[in-house]
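A.B. asks: I'll drop the sequence and a predicted model, then ask my questions.
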Amino acid sequence: MVQFLDFIEIYMNLSGIKKNKNLTSTVTNIGRWYLLLCGLVPFLASCQLEIPDLNVVDQVIESDIVSGIRNLPARAFPDEFEKIAYIDRDFNVPNAEISNEGEFVVVKTYFATNRNYKEAEPAYQMFNESISNDITFGKNYTILLREPELRTIEPMSMQALDIPDTSEPPLLSQNNILSPEEFSESIMSDINQSNNNDALIYIHGFNDSYEDAVIRGAQVSYDLGFSGPTFLFSWPARDSTTTYLGDVERAQASEKHFEFMMEQILSMATIDKIYLITHNTGARIGISVLRDLFAMRPSARARFREIILIAPDINSQEFTTEYAPILGSNNSPVTLYASSNNSSLDIPRRFSTSKLAGDSISGALITGRVETIDAGVTDLNLDGHSNYSDTNSILADIWDLIRNGTRANSRNKLAIKYSPAGVYWEYPR
């Protein structure tokens, strides 16, 4: 025991650690427990007595040792303990700390995709442009810059991070592949923890890589302060403006996979408020599947609180006759955002001989059970951060629609307009 204490004193002198009565007492206690255990175990083993549970002794010793280590000066173990921010059991961020004042946030989104993938690749390269006949389920973790204006609406469950010496976030950080059963179990666990039954579903458009789609979906969820689970359906669009017609075919072939994803979500009875947001070609997938779903199961319509179409590249006549009457209702109409100057419609416009539902260059589309918002030249690409007071992005209007449930005639940012075909609304130009 004396040698043990002498060793500690020599180590402290060499390390420049000042003597401390509490530290010496702690180390002495550790040594005494160690010697007691060394002598006690052989003695008990030689006796014909009922030996008590040694786990109790182990726990006491372990507790004492851990307590002693925690009281040691940090300089005693300079590089032993790296700061790690644990988000949940499946994801952590090295060299980071959970902090309410942190400059970054982690957004978890669930996904389904019919893209092929290579599991050994980094997260941003994992899913590629090739088509799979199967559907893959999983969840993503995306790290985003935190916006000061949005801190008051951040969900309580959202983790804020302090990542020293980092000015830009690593963005898409991890993809976890899940079985359909694990997919549902993880979602239900999140719902039970947050006590929120809402679900946000985002379908991206053409000319979107998997990474871009995930980041945009996470960004939309964060900007809206959405507290329920967020879902991304990523179909194998190519990251190119020259492959539009081929991507339209890919979108059509992906409908069965999105339908499977919807079946998984609808099978969770606790999810009773669903918000669907689609962007240009993604609208083709969303409204085609929902039209068939509502025709076969009319009761499913009541679980969709909002169906939001941003610059859809679908034929306006087809939309008016085949989709609007089924998708919308008098109490819950579809919200259609159209634009006269949107880059995402430049390519579709070239290949269409008819007016597109999301194109207002020759006037906004007006039809029953649809609230049409003419955004004029306002950005409809959902790029970058936005907040509820920002009129440079239609996310400010979507925030009001989802957060407050207000229809177009009650949203202050919109101006009502009249035409021979009926009423529509204009977003600030």
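C.D. replies: Structure's in. What do you need? A quick note: this is a predicted structure, and the numbers were derived from the prediction, not measured.
A.B. asks: Could you count how many residues lie near the closest residue to E322 other than its chain neighbours?
C.D. replies: With sequence-adjacent residues excluded and distances taken as Cβ to Cβ, 6 or more residues apart in numbering, E322 is closest to R291, at 7.0 Å. Using the backbone N, CA and C atoms, a C-beta is placed for each residue, glycine as well. Neighbours of R291 under the rule other Cβ atoms under 10 Å: 16.
A.B. asks: cool, P94 as well?
C.D. replies: Burial of P94 is recorded as 9 neighbouring residues (other Cβ under 10 Å).
A.B. asks: Next, give phi and psi for it.
C.D. replies: With angles defined as degrees, to the nearest 10, P94 sits at phi -60, psi 150.
A.B. asks: how near is it to L171?
C.D. replies: Distance, P94 to L171, using Cβ to Cβ, to the nearest Å: 16 Å.
A.B. asks: And T278, by the same measure?
C.D. replies: Distance from T278 to L171, by Cβ to Cβ: 23 Å.
A.B. asks: For these two, indicate the residue with more neighbours.
C.D. replies: Counted by other Cβ under 10 Å, T278 and L171 do not tie: T278 has more neighbours, with 24 against 17.
A.B. asks: bridging residues for the more buried one?
C.D. replies: Judged by DSSP bridges, the bridge partners of T278 are I203, L309.
A.B. asks: pretty sure it is touching I285, no?
C.D. replies: Yes: look at T278 against I285 with Cβ atoms under 8 Å: they come within range, at 7.4 Å.
A.B. asks: for the chain, which strand is longest?
C.D. replies: What stands out as the longest strand in the chain, according to DSSP state E, is strand 127-145.
A.B. asks: Name the residues of it that are buried.
C.D. replies: The neighbour-count check on strand 127-145 (16 or more other Cβ atoms under 10 Å) flags 127-129, 135-144 as buried.
A.B. asks: Against which helices or strands is it packed?
C.D. replies: Packing contacts for strand 127-145, counted by 3 or more Cβ pairs under 8 Å, 6 or more residues apart in numbering; DSSP states H and E, involve strand 104-117, strand 171-178, helix 180-194, helix 210-223, helix 255-266.
A.B. asks: tell me the mean pLDDT over the longest one?
C.D. replies: This points to helix 180-194. Helix 180-194 shows a mean pLDDT of 94.
A.B. asks: Compute the inter-axis angle for that helix and strand 104-117.
C.D. replies: Orientation of helix 180-194 against strand 104-117 (axes from the mean of the first three to the mean of the last three Cα atoms, to 10 degrees) gives an angle of 170 degrees.
A.B. asks: chain center to helix 180-194, what's the gap?
C.D. replies: Relative to the centre of its chain, helix 180-194 is centred 14 Å away, using Cα atoms, centre = their mean, to the nearest Å.
A.B. asks: packing partners for it?
C.D. replies: Helix 180-194 sits against strand 104-117, strand 127-145, helix 255-266, with contacts defined as 3+ Cβ pairs under 8 Å, 6+ apart.
A.B. asks: Identify all residues paired with K108 through a beta bridge.
C.D. replies: In beta-bridge terms (that is, DSSP bridges), K108 pairs with Y141.
A.B. asks: Neighbours of it, how many?
C.D. replies: Neighbours of K108 under the rule other Cβ under 10 Å: 23.
A.B. asks: Kindly report the same for G228.
C.D. replies: Neighbourhood size, G228 [other Cβ under 10 Å]: 22.
A.B. asks: list the contacts for the closest residue to it other than its chain neighbours?
C.D. replies: Of all residues not flanking G228 in the chain, D198 sits nearest, at 3.4 Å (Cβ to Cβ, 6+ apart). Neighbour list for D198: F226, S227, G228, I271, K273, I274, Y275, R305 [criterion: Cβ atoms under 8 Å, 6 or more residues apart in numbering].
A.B. asks: What strand or helix carries A199?
C.D. replies: Element membership of A199, judged by DSSP states H and E, is strand 198-203.
A.B. asks: can you pull the alpha-carbon coordinates of that strand into PDB?
C.D. replies: C-alpha atoms of strand 198-203 as PDB (Å, rounded to 0.1, in the frame of the first residue of the first chain):
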ATOM      1  CA  ASP A 198     -47.600  14.700 -37.300                       C
ATOM      2  CA  ALA A 199     -45.600  13.600 -40.300                       C
ATOM      3  CA  LEU A 200     -43.900  15.600 -43.100                       C
ATOM      4  CA  ILE A 201     -43.200  13.900 -46.400                       C
ATOM      5  CA  TYR A 202     -41.000  15.500 -49.100                       C
ATOM      6  CA  ILE A 203     -40.500  14.300 -52.700                       C
END
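A.B. asks: Go through it and flag the buried ones.
C.D. replies: Neighbour counts using 16+ other Cβ under 10 Å place D198, A199, L200, I201, Y202, I203 of strand 198-203 among the buried residues.
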